[in-house]
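> what follows is a protein structure lacking sequence information:
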């Protein structure tokens, strides 16, 4: 039952080869997982960029609406408001404009 030296070395080499193949297969799994994580990060980065662009677009819209409201208030100051009802109408109008500006910002 004595095995020859060459047989023992061949057996050892076979064991080492199996070990290397197992390590290679594990590495393939790690590589696939790593590639998936990179892809997920790239997608998240792209979505974040789009979100940031939408936020800046919304801010720009709000700024434009604020300018319009400020201009309208200046126009209101320069006009003669003869009665309390006219003043009430103008205030309601600007509150509605501000609400619309807020709603527009929420949409974006």
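The structure has been received and is ready for your questions. The structure displayed is predicted, hence computed values, not measured ones. Residues are numbered from 1 along each chain as shown.

> any low-confidence regions in this structure?
Low-confidence segments of the chain (pLDDT under 70): 1-3, 77-85, 108.

> show the contacting residues for residue 6.
Contact analysis of residue 6 by CB atoms under 8 Å, 6 or more residues apart in numbering lists nothing. C-beta coordinates here come from the backbone N, C-alpha and C atoms, glycine included.

> now do the phi/psi pair for the residue sitting nearest the centre point of the chain.
Geometric centre of the chain, nearest residue: residue 48, 2.2 Å, by CA atoms, centre = their mean. Note on residue 48: backbone dihedrals following degrees, to the nearest 10 are phi -60, psi -40.

> just the helices in the chain please.
Ranges of helices in the chain, per DSSP state H, are 5-78, 84-107.

> return the set of buried residues in the shortest one.
Spelled out, it's helix 84-107. Applying a neighbour-count criterion of 16 or more other CB atoms under 10 Å, one finds 90, 101 buried in helix 84-107.

> now it against helix 5-78, angle please.
170 degrees (axes from the mean of the first three to the mean of the last three CA atoms, to 10 degrees).

> how close does residue 33 get to residue 40?
From residue 33 across to residue 40, the span is 11 Å (CB to CB, to the nearest Å).

> wait, residue 65
Distance of residue 65 to residue 40, computed by CB to CB: 37 Å.

> who has more neighbours, the two?
More crowded of residue 65 and residue 40, by other CB atoms under 10 Å: residue 65, with 17 against 10.

> give me the nearest residue to that one, chain neighbours excluded.
Excluding its sequence neighbours, the residue lying closest to residue 65 (CB to CB, 6 or more residues apart in numbering) is residue 101, at 3.5 Å.

> with residue 104 instead?
Distances taken as CB to CB, 6+ apart place residue 61 nearest to residue 104, at 5.4 Å, with adjacent residues excluded.

> I figured the one you found hits residue 101, correct?
Yes: with contacts counted by CB atoms under 8 Å, residue 61 reaches residue 101, the gap being 7.4 Å.
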